[in-house]
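A.B. asks: can you look at this prediction? I've put the sequence above it.
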Amino acid sequence: MTRYASLAVTACLAAVAGLAFQRVFGLGPVVPVAIVAAVVPTLLSALLSGPRKDKGPWPLWIAVVLTAVAWAGTVSVTVLRPALSAGTLPQTLREGVLSGWKSILTTLLPAPAKPEFLVLAHVLVWLAAFASAELALRTSLRAVPCVPVLGVWAVALLLGVDGPGSNLPLAAATVVLIGVLALIRSDGPDARPAWRPLALGLPAAAVLGALAFLAGPVVPVSAEPYDPREQVQAPPPQQRDGVSPLDRVGGWLLSPDQVMFTVASPRNEIARLAVLDRFDGVTWSSTARFVPTGSRVPAGPRPGREHRTGQRITIRDLPGVWVPAADRPRRVDGMAVVVDPGSGALAAARPLRPGQAYTVESRVPEWSADDLAGASVARDAEARAARELPWGPGATRPPVQIAEFRRFAQAATQNAVSPIQQAAMLAEHLKRHARYDVTAPPGHGYRQLDYFLGEGRRGTPEHFATAYALLARSIGLPSRIVVGFDGGNRAGGAVQVRSGDVMVWPEVKFERLGWVRFNPLPENARRSKQNDTVAAGETQQKLEQAQKNAASQQNGSGPGKTPQKAPQKPAAAEDGPPPWWVFASIGAAVLLTGYVLAVLLVPALRKRRRRTGPPAERIAGAWHQALDHLSDVGLSTARTLTAHEVARFGASSVGEDAHGHLGPLADLVNRSRFAPSGPDPHAADQAWRHTDELGRLVTAKAGRLRRFRNRLHPRSFHPGPRGLV
């Protein structure tokens, strides 16, 4: 019964370890995989462990062969059933076992519950359950059967770094199950009944698991755990669409009534389509490194405030692969998409089709004037790349337009005293400098923008946004452009977003705030007002007003006042890792606490062990416990002393009352060792009564404080002065 009880615990351990993959796939897809992969091999091992007419259990090699066959059949009808129906079972199985881990590491978590992904978790849990069951059946070591399960935990933790959810409750359950396994397997052939250690140990195991659960969040570990994804080469930047959305803007504006998509949402938000951050002197493109995702989109920089919004978007005539969504999307359901973790931009795996629908949840950032007024320009690698002004393909010297752009931007921002004021003044200057005209010829290279700023001074959102981005870069502001849609026409319960609602806007990156949108378009850039036209997004209106307020905080508020530099808010100190002495102090405290607990627990466990076993062993244990008591009053060990000599010297050290217990105890020890017949249980009980009374006399003689100090000495770990016999 002990063996089969151990199998039940090992199956639970394997199932819990399999559930740790919930940070990789989510809990729903993992539950059936973990249960099946943990229970089936355990049952198979239990069936093969039965005796074969006094020949013992089946050989291990037979169990290995049978479990391999059982795994192939089980995984084919469960996890790989879609591949079995499609006739691609061998290929899917090979991909899952050999390269499934790499595919998971290049997918944003939670990973989609594809058969080739889930088969990796299935085979790991199956192997762990089989190995744990066989170790429990074929060995007598208490905790060794839990080792294979810890291997599954290691893989699940590595693959699940940065995944949603927490494995802390599962880790606490694992601690409890390991304690239960050790308790079940602690009984020998002549030990006490199996229920007794369980009755005593199960509460202790439960308390240990609760402590592990409570201590998990405060364990001093690195703030940034090791992420194996950093060791896997990311896919190179991909040209997702043959035609850039920026190149479509002019044509969309000339045919403004084509319905691109519809949005059902409680509030109107700007829909972002594509993020273009690289300029080569002629055109803008994206450096996005798209990776697959099950549904989640990683969070970006945390703004001061944000609000949540949900949208149900249905594609109509939107071409290409870029997927519209409010910035910044956090979850996408209903469509297979790939995500750029840096910008949060979404793209479909295949060109969009009319009728495709999906739900997207976004957290839209909001900034106040105070947030913007104290912001400084970002200095990270992305920001440095967003300040580059390339010469152009094949150019051997910088084009003259770069110097002209710099002079233009410096003149527009000559009174600016902060980065936010520079960005806001540049946008206001462009609004007054040129007029909006959808018939302006497209193009956003150096020459086209030089003509737009110098002679033509009329353009579409393409010209205003790209000109702003280059002007900002010329004075050191990291910038990029975004193509999206703003507004639309109300049609029933949804908003029809048309081609004429297309927008292009620039963004500037600030420290701690991330990318902030600016609007350099004139006020007449919006479509003509109609009864069913949706007004500009409330978030955009608040942002533009906050930018104006932030800029005005750093200028004089009345006429004739000269610009004065506003006091800059000190940048919030980045939370760096705690100093080394914090970890050293915590480590010392943990070691000290562990030592005190150990020196107090070891004697109690030793006494408990001495009280168990046959009568002769119990009498010997009572004698050694008495010697431990005598050591607290200074009786030194001596291998040449007999039991009665020890009793005489002990009585002289403790007092005459001790002789009434040490003398009979010495007689019991001698009879137990040298009598022809063994002692009975009554003699063992009598020996322990004498020992317990001696302990009380020693405490009265030496004092509790002295005995406690003696327990703190490292010699308390020693099993006792066994030389005194």
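C.D. replies: Nice, I can see it.
A.B. asks: from S479, how far off is V282?
C.D. replies: Look at V282 and S479: by CB to CB, to the nearest Å, they are 17 Å apart. To be clear about C-beta, it is placed using only N, CA and C from the backbone, and glycine gets the same treatment.
A.B. asks: who has more neighbours, these two?
C.D. replies: Shown here are V282 and S479; by other CB atoms under 10 Å, S479 has more neighbours (26 against 15).
A.B. asks: give the other helices and strands that the longest helix along the chain contacts.
C.D. replies: Counting by DSSP state H, the longest helix found in the chain is helix 580-610. Applying 3 or more CB pairs under 8 Å, 6 or more residues apart in numbering; DSSP states H and E, one finds that helix 580-610 contacts helix 615-631, helix 704-712.
A.B. asks: quick one, phi psi at the closest residue to R305 other than its chain neighbours?
C.D. replies: In space, and not counting its chain neighbours, R305 is closest to E366: 4.4 Å by CB to CB, 6 or more residues apart in numbering. Taking degrees, to the nearest 10, you get phi -130, psi 140 for the backbone angles of E366.
A.B. asks: swap in G476?
C.D. replies: Per-residue torsions, G476: phi 90, psi 10 (degrees, to the nearest 10).
A.B. asks: list the contacts of the residue nearest to it when sequence neighbours are not counted.
C.D. replies: Take G476 and drop its neighbours on the chain: the residue closest to it by CB to CB, 6+ apart is R387, 6.2 Å away. For R387, the contacting residues are 473, 476-479, by CB atoms under 8 Å, 6 or more residues apart in numbering.
A.B. asks: P324 touches I313, doesn't it?
C.D. replies: Yes - if you go by CB atoms under 8 Å, P324 and I313 touch, sitting 6.3 Å apart.
A.B. asks: what is in contact with those two at once?
C.D. replies: What both P324 and I313 touch, as defined by CB under 8 Å, 6+ apart, is the set 261, 271.
A.B. asks: and after the lowest-mean-pLDDT helix or strand in the chain, which helix or strand comes next?
C.D. replies: Lowest on mean pLDDT, DSSP states H and E among the helices and strands of the chain sits helix 195-215, with a mean of 61. Going down the chain from helix 195-215, the next helix or strand is helix 245-254, by DSSP states H and E.
A.B. asks: residues making contact with that following helix?
C.D. replies: Here helix 245-254 makes contact (CB under 8 Å, 6+ apart) with 258, 273-274, 276, 283-284, 319-320, 322, 438-442, 444, 460-462, 466, 481, 483, 499-500, 502, 504.
A.B. asks: following element in sequence after it, please.
C.D. replies: With secondary structure assigned by DSSP H and E, helix 245-254 is succeeded by strand 259-264.
A.B. asks: packing partners of that following strand?
C.D. replies: If you count contacts as 3+ CB pairs under 8 Å, 6+ apart, strand 259-264 packs onto strand 305-315, strand 494-498.
A.B. asks: nearest residue to the middle of this structure?
C.D. replies: For the chain, the residue nearest the mean C-alpha position is D162 (3.3 Å; CA atoms, centre = their mean).
A.B. asks: surely it and D227 touch.
C.D. replies: Yes - counting by CB under 8 Å, D162 touches D227, with 6.3 Å between them.
A.B. asks: which residues do those two both contact?
C.D. replies: The overlap between the contact sets of D162 and D227 (CB under 8 Å, 6+ apart) is empty.
A.B. asks: tally of neighbours for the residue nearest to R305?
C.D. replies: By the criterion of other CB under 10 Å, E366 has 15 neighbours.
A.B. asks: relative to P228, how far out is it?
C.D. replies: Separation of E366 from P228 (CB to CB): 35 Å.
A.B. asks: surely S6 meets A136?
C.D. replies: Yes - between S6 and A136 there is a contact under CB under 8 Å: 4.1 Å.
A.B. asks: neighbour count: the two, which is higher?
C.D. replies: Counted by other CB under 10 Å, S6 and A136 do not tie: A136 has more neighbours, with 31 against 21.
A.B. asks: so how far is A472 from the closest residue to V483 other than its chain neighbours?
C.D. replies: Closest residue in space to V483, ignoring its immediate chain neighbours: P245 at 4.2 Å, by CB to CB, 6+ apart. Relative to A472, P245 is positioned 21 Å away (CB to CB).
A.B. asks: neighbour count: the two, which is higher?
C.D. replies: Neighbours were counted for P245 and for A472 using other CB under 10 Å; A472 has more, 28 against 23.
A.B. asks: which stretch of helix or strand covers that one?
C.D. replies: Element membership for A472, per DSSP H and E: helix 461-474.
A.B. asks: just the C-alpha atoms of that helix, please, in PDB.
C.D. replies: Written as PDB, here are the backbone C-alpha positions of helix 461-474 (Å, rounded to 0.1, in the frame of the first residue of the first chain):
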ATOM      1  CA  PRO A 461      -0.700  64.500 -43.900                       C
ATOM      2  CA  GLU A 462       2.100  62.600 -45.500                       C
ATOM      3  CA  HIS A 463       4.100  65.800 -46.100                       C
ATOM      4  CA  PHE A 464       3.300  67.400 -42.700                       C
ATOM      5  CA  ALA A 465       4.200  64.300 -40.700                       C
ATOM      6  CA  THR A 466       7.400  63.400 -42.600                       C
ATOM      7  CA  ALA A 467       8.600  67.000 -42.700                       C
ATOM      8  CA  TYR A 468       8.000  67.300 -38.900                       C
ATOM      9  CA  ALA A 469      10.000  64.000 -38.300                       C
ATOM     10  CA  LEU A 470      13.000  65.200 -40.300                       C
ATOM     11  CA  LEU A 471      13.000  68.700 -38.800                       C
ATOM     12  CA  ALA A 472      12.800  67.200 -35.300                       C
ATOM     13  CA  ARG A 473      15.700  64.900 -36.000                       C
ATOM     14  CA  SER A 474      17.800  67.800 -37.300                       C
END
